[in-house]
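S.K.: Following is a predicted model, sequence given first.
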Amino acid sequence: MLRYAHQQLAPYKRVRRIDFLTELPKTISGKLRHVEQRRLEADRRERGVREAGEFFEEDCPGLKSGG
């Protein structure tokens, strides 16, 4: 399915990164805290740390072939 998307979609529409998290930051009422998510992402990028459940387009070499 990712190969099909890579071949059929414009580059700006493709999924470039998938991040599997164990828990999302939420408010007391259960709503997602998007500000907190963006801050955590910025901190991670600033430190250059790559999480265990984080996968980039480059991790799937088969996507490049045939496209």
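M.R.: On my side now, so go ahead.
S.K.: For the chain, which residues score under the pLDDT cut-off?
M.R.: Along the chain, segments meeting pLDDT under 70 span 1, 64-67.
S.K.: Helices of that one, residue ranges please.
M.R.: When assigned using DSSP state H, the helices of the chain occupy the ranges 2-8, 34-47.
S.K.: which one of these is the most hemmed in?
M.R.: Ranked by average neighbour count under the criterion mean count of other CB atoms under 10 Å, the helices of the chain are headed by helix 2-8 at a mean of 13. Every residue, glycine included, has its C-beta placed from N, CA and C.
S.K.: Which neighbouring elements make contact with it?
M.R.: Contact here means 3 or more CB pairs under 8 Å, 6 or more residues apart in numbering; DSSP states H and E; on that basis helix 2-8 packs against no helix or strand.
S.K.: Just the CA atoms of that helix, as PDB, please.
M.R.: The C-alpha coordinates for helix 2-8 follow below in PDB (Å, rounded to 0.1, in the frame of the first residue of the first chain):
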ATOM      1  CA  LEU A   2       2.800   2.400   0.800                       C
ATOM      2  CA  ARG A   3       4.500   1.600  -2.600                       C
ATOM      3  CA  TYR A   4       1.200   2.400  -4.400                       C
ATOM      4  CA  ALA A   5       0.900   5.700  -2.500                       C
ATOM      5  CA  HIS A   6       4.500   6.500  -3.300                       C
ATOM      6  CA  GLN A   7       3.900   5.900  -7.000                       C
ATOM      7  CA  GLN A   8       0.500   7.600  -7.300                       C
END
